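A.B. asks: sequence first, then the predicted structure:
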Amino acid sequence: MTILAYDLGASSGRAVLGRLKDNRMEVEEIHRFPNDPVKIGERLHWDLLRLFHEMKQGLLKARLAGETPASLGIDTWAVDFGLLGRTGELLGNPYHYRDWHTEGEMERVLAELTPEYLFGRTGIQFLTFNTIFQLTAMKRAGNPVLEQADKFLMIPDLLRYYLTGEAFNEFSNATTTQLYNPLLGGWDAELLGKLGLPASMFGTVVDPGTPAGQLRSSIGTELGVPSIPVVAVAEHDTGSAVAAVPALDRSFAYLSCGTWSLMGTEVDKPVINELAQKLNFTNEGGVGKTYRLLKNIMGLWILQEAKRELDRAGQEYSFPQLVKLAEDAPPFAALIDPDDVLFLHAGDMVSRIRQYCRRTGQQPPEGVGAVVRCILESLALKYRYVFELTEQLSGQSFGGLHMVGGGIQNALLCQWSANAIGKPVWAGPTEGSAIGNLAVQWIASGELASIGEARRVIRDSFPVTVYEPQDGPAWEEAYGRFRRLAGLE
């Protein structure tokens, strides 16, 4: 049985076919496409119609390859959304979470509601681009799109609606909005009322693995494909990535490594207490009614944006070339806190890294290799910091770290992560989100009995590279310096 997973990240998307043979998973990427934001005036948007077009190309390529998927599912990034009007049409292009329209909004909302109230009802960490702050920013600006909205759909909800004509909100992504109350098990009507947001536009929330309609007949006619069942998987790509962690123990730490780095552990119930709020951890929905207790780290966005800046300046390097330059540069010459707000938005990333270094009394990195080494070493050191916080908050001690996602193709970052935490790193699989997406579809169909069985099959199907820690004293000294520079002591 062949099934189809759409995995859309913040920088690219892919269509992946999956097959289950002799208790082994096989995956085949049949279509890959860029996901570039579009700036119009001062606003930054997602090119959603282009993404939908590319998804249809994935279906077409599957047909041309002689494949008829038995089901399909979609996972994407979190927090962003589209609003439908009463006629069922999209009202305006969805904002990109890096758009500036939420600037100062989190502070305004927290001044009215208090952090304790908001975290106590949602268990979600405070980030300036969270869905809640995007919506209240639109309301404060008198945005007519919000006034005319009939349905609220997260990005994968919206793309699924385009495929099927049926509108549902999926659990793993709904929990990221900071409008879902995990203690009540649904949208928080009291919170929505305090914010002046219409509760009526928030629809039914379905669990990962729920049937969510059939491919529209119009799409079938257009592409020459039959009606295909659509499954609501763990539609937040991190939720799918965590489903693909090949851990045999129930207790494990993970790092989903890509444009964003998300580190945490899987828990049966949300951890909503004073310490979780103080550490700014988040509780996001997972597969099988679990929660992902995790923290966002800025991730490889900083390197991706630095590369774009170098490309624009005519200094074009591939990512492997950049990693080699970093490996040859002097160690620990300069360090940054990847989560400093300075690095959130697009543009002039290299100059901002140098600005941070001057601000913290360091000699700014000059060469390309020095800049890239600064980014990668700083990420690895931040991983250690969050790894230790995860142990503290969960009351667990982890024997190592499972790394999944496209970022694990950077072997240097994986090795430095092991060096930083002083424990093994188990890296794999690379296409974690797509594999987790496929796994949930197979669980929904009965081909796999549970997430536990899925993880065993994933472990047997894909290679895992083990990185043992090295150079302990040097990394220990660098960690102390990193904490002082980043104000984390």
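C.D. replies: In hand now; what should we look at?
A.B. asks: where does residue 18 sit, in terms of helix or strand?
C.D. replies: Following DSSP states H and E, one finds residue 18 within strand 12-21.
A.B. asks: what's in contact with that strand?
C.D. replies: 1-8, 25-35, 51, 54-55, 57-59, 61-62, 65, 67, 69, 431, 434-435, 437-438, 441-442, 447-448, 457 (CB atoms under 8 Å, 6 or more residues apart in numbering). For the C-beta atoms, the positions are set from N, CA and C on the backbone; glycine is no exception.
A.B. asks: try 6 Å this time
C.D. replies: 2-7, 26-35, 58, 434, 438, 447 (CB atoms under 6 Å, 6 or more residues apart in numbering).
A.B. asks: which ones among those map onto strands?
C.D. replies: 2-7, 26-34 (DSSP state E).
A.B. asks: for PyMOL, write the selection for the buried entries among these.
C.D. replies: Buried members of the ones in strands among the contacts of strand 12-21, defined by 16 or more other CB atoms under 10 Å, are picked up in PyMOL with:
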select buried, resi 2+3+4+5+6+7+27+30+31+33
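A.B. asks: which residues does stretch 252-259 contact?
C.D. replies: Counting contacts by CB under 6 Å, 6+ apart, the residues touching stretch 252-259 from outside are 9-11, 238, 241-242, 245, 262-263, 265, 299-301, 390, 398, 401-408.
A.B. asks: and with 8 Å instead?
C.D. replies: Applying CB under 8 Å, 6+ apart, the contact partners of stretch 252-259 are 9-11, 237-238, 241-242, 245, 247, 261-266, 299-301, 304, 383, 387, 390-391, 398, 400-408, 413, 417, 432-433.
A.B. asks: check which residues of it are buried.
C.D. replies: Using 16+ other CB under 10 Å as the test for burial, stretch 252-259 gives 252-259.
A.B. asks: possible to save the residues you listed as CSV with distance to residue 469, pLDDT and secondary structure?
C.D. replies: Listed next are those as CSV, based on distance: CB to CB, whole Å; pLDDT from 0 to 100; DSSP: H, G, I helix; E, B strand; the rest coil:
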residue, distance to residue 469, pLDDT, secondary structure
252, 18, 98, coil
253, 15, 98, strand
254, 18, 98, strand
255, 15, 98, strand
256, 21, 95, strand
257, 17, 96, strand
258, 23, 92, coil
259, 26, 92, coil
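A.B. asks: so how far is residue 465 from residue 410?
C.D. replies: 12 Å (CB to CB, to the nearest Å).
A.B. asks: between these two, who's got more neighbours?
C.D. replies: Neighbour count, other CB atoms under 10 Å: between residue 410 and residue 465, residue 410 has more, with 22 against 13.
A.B. asks: of the ones in strands among the contacts of strand 12-21, closest to residue 85?
C.D. replies: Nearest to residue 85 out of those is residue 6 (CB to CB; 25.1 Å).
A.B. asks: that closest one and residue 72 touch, don't they?
C.D. replies: Yes. At 6.9 Å, residue 6 and residue 72 qualify as touching, with contact defined as CB atoms under 8 Å.
A.B. asks: care to break the protein down by domain?
C.D. replies: Here the domain assignment for the chain is 2-232, 245-428+449-489, based on automatic domain parsing.
A.B. asks: let me see the mean pLDDT of the longest one.
C.D. replies: Spelled out, it's domain 2-232. Average pLDDT, domain 2-232: 97.
A.B. asks: got any ranges where the stretch 201-350 of the chain has weak pLDDT?
C.D. replies: The stretch 201-350 of the chain contains no residues with pLDDT under 70.
A.B. asks: do a quick rundown of the helices in the stretch 151-300 of the chain.
C.D. replies: Counting by DSSP state H, counting those that start in this stretch, the stretch 151-300 of the chain has helices at residues 155-164, 171-174, 189-195, 217-223, 237-243, 274-278.
A.B. asks: which positions in the last one come out as buried?
C.D. replies: Within helix 274-278, the residues that qualify as buried are 276-277, counting by 16+ other CB under 10 Å.
A.B. asks: got it, and the third one?
C.D. replies: Under the neighbour-count criterion of 16+ other CB under 10 Å, helix 189-195 has 191-192, 195 buried.
A.B. asks: where's it relative to the chain centroid, distance-wise?
C.D. replies: Distance of helix 189-195 from the chain centroid (CA atoms, centre = their mean, to the nearest Å) equals 26 Å.
A.B. asks: repeat for the longest one
C.D. replies: A distance of 18 Å separates the C-alpha centroid of helix 155-164 from that of its chain, computed with CA atoms, centre = their mean.
A.B. asks: that one versus strand 2-8: what angle between them?
C.D. replies: 130 degrees (axes from the mean of the first three to the mean of the last three CA atoms, to 10 degrees).
A.B. asks: who's in contact with helix 155-164?
C.D. replies: With CB under 8 Å, 6+ apart as the criterion, helix 155-164 contacts 6, 8, 46, 48, 51-52, 55, 72, 74-77, 80-82, 84, 90, 94, 153, 166-170, 173, 212-216, 219, 230, 232, 235-236.
A.B. asks: give the PyMOL command for selecting the buried subset of those residues.
C.D. replies: Here is the PyMOL selection string for the buried members of the contacts of helix 155-164, based on 16+ other CB under 10 Å:
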select buried, resi 6+8+46+48+51+55+72+74+75+76+77+80+81+82+84+90+94+153+167+168+169+170+173+212+213+214+215+216+219+230+232+235+236
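A.B. asks: looking at the contacts of helix 155-164, which are in strands?
C.D. replies: Judged by DSSP E, strands contain the following of those: 6, 8, 72, 74-75, 81-82, 84, 153, 169-170, 212-214, 230, 232.
A.B. asks: quick one, what contacts residue 242?
C.D. replies: Contact partners of residue 242, counting by CB under 8 Å, 6+ apart, are 234, 254, 256, 266, 286-287, 292, 404, 436.
A.B. asks: just the helices in the stretch 301-450 of the chain please.
C.D. replies: Under DSSP H, counting those that start in this stretch, the stretch 301-450 of the chain gives helices at 301-312, 319-328, 349-359, 368-394, 411-421, 432-445.
A.B. asks: any idea which of the ones you listed gets closest to residue 225?
C.D. replies: Once the helices of the stretch 301-450 of the chain are compared by CB to CB, helix 432-445 is nearest, at 17.0 Å.
A.B. asks: tell me how far residue 468 lies from residue 341.
C.D. replies: For residue 468, the distance to residue 341 - CB to CB - is 35 Å.
A.B. asks: oh, that last question was meant for residue 326, not what I typed.
C.D. replies: Counting by CB to CB, the gap from residue 326 to residue 341 is 24 Å.
A.B. asks: which of those two has more neighbours?
C.D. replies: Counted by other CB under 10 Å, residue 326 and residue 341 do not tie: residue 326 has more neighbours, with 24 against 9.
A.B. asks: does the more buried one touch residue 378 like I think?
C.D. replies: No. Using CB under 8 Å, residue 326 makes no contact with residue 378, being 11.4 Å away.
A.B. asks: contacts only, for residue 85.
C.D. replies: 91, 148-150.
A.B. asks: go again with 10 Å.
C.D. replies: Residue 85 is in contact with 91-92, 145, 148-151, counting by CB atoms under 10 Å, 6 or more residues apart in numbering.
A.B. asks: dump these into JSON lines; add secondary structure, distance to residue 424 and neighbour count as well.
C.D. replies: Shown next, in JSON lines, are these (DSSP: H, G, I helix; E, B strand; the rest coil; distance: CB to CB, whole Å; neighbours: other CB atoms under 10 Å):
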{"residue": "91", "secondary structure": "coil", "distance to residue 424": "49", "neighbour count": "20"}
{"residue": "92", "secondary structure": "coil", "distance to residue 424": "47", "neighbour count": "17"}
{"residue": "145", "secondary structure": "helix", "distance to residue 424": "49", "neighbour count": "14"}
{"residue": "148", "secondary structure": "helix", "distance to residue 424": "53", "neighbour count": "13"}
{"residue": "149", "secondary structure": "coil", "distance to residue 424": "48", "neighbour count": "24"}
{"residue": "150", "secondary structure": "coil", "distance to residue 424": "51", "neighbour count": "17"}
{"residue": "151", "secondary structure": "strand", "distance to residue 424": "46", "neighbour count": "20"}
